[in-house]
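# let's see this in three dimensions:
(one chain, ligands or ions: 1)
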Amino acid sequence: MSRPIDPAPARPTPVSTGPCVRCRRPTTRYGTGASPLCAACRQARAEWLARP
Ligand SMILES: [Zn+2]
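Residues are numbered from 1 along each chain as shown. A predicted model of the protein is given here:
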């Protein structure tokens with residue numbers, strides 16, 4: 001009995017790469033319409049948007 005072919009990797013495929021729009025460090029963005037922010041800047045923006 002043969003093993004099935006391994007499916008696609010679990011991690012999502014990077015859609016686009018480029019410098020972070022905030023700190024200019026190279027980063028990868030996932031999905032369409034998302035700003036190419038690095039993890040740190042994405043977290044910072046989320047906290048900023050959560051402010052009243
Ligand atoms: Zn950044």
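
# residue 40 touches residue 23, doesn't it?
Yes. In terms of C-beta atoms under 8 Å, residue 40 counts as a neighbour of residue 23; the distance is 7.4 Å. C-beta here means a position set from N, CA and C on the backbone, and glycine is covered the same way.

# return every residue with contacts to both of these two.
Common neighbours of residue 40 and residue 23 are not found (criterion: C-beta atoms under 8 Å, 6 or more residues apart in numbering).

# and the strands in this protein?
Along the chain, counting by DSSP state E, strands occupy 16-19, 26-29.

# pick the most deeply packed of these.
Most buried of the strands of the chain, by mean neighbour count (mean count of other C-beta atoms under 10 Å): strand 26-29, with a mean of 16.

# shaky segments in the chain?
Filtered on pLDDT under 70, the chain yields the residue ranges 1-2, 7-15, 30-35.

# in it, which spans are helices?
39-49 (DSSP state H).

# residue numbers of it in contact with the ion?
20, 22-23, 38, 41 (C-beta under 5 Å from the ion).

# which of those are buried, as a ChimeraX select command?
Buried members of the residues of the chain next to the ion, defined by 16 or more other C-beta atoms under 10 Å, are picked up in ChimeraX with:
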select :20,22,38,41
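
# can I get the residues of the chain next to the ion in JSON lines with distance to residue 47?
Shown next, in JSON lines, are these (distance: C-beta to C-beta, whole Å):
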{"residue": "20", "distance to residue 47": "16"}
{"residue": "22", "distance to residue 47": "13"}
{"residue": "23", "distance to residue 47": "15"}
{"residue": "38", "distance to residue 47": "15"}
{"residue": "41", "distance to residue 47": "11"}
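
# now the two most distant members of the residues of the chain next to the ion.
Farthest apart among these by C-beta to C-beta are 22 and 38. That separation is 7.6 Å.

# beta partners for residue 18?
Residue 18 has these beta-bridge partners by DSSP bridges: residue 27.

# roughly how far apart are residue 50 and residue 43?
According to C-beta to C-beta, to the nearest Å, residue 50 and residue 43 sit 11 Å apart.

# got it, and residue 49?
11 Å.

# and the spatially closest residue to residue 22 that is not a sequence neighbour, what does it touch?
Spatial nearest neighbour of residue 22, chain neighbours left out: residue 41 (4.1 Å); criterion: C-beta to C-beta, 6 or more residues apart in numbering. Going by C-beta under 8 Å, 6+ apart, residue 41 touches 20-23.
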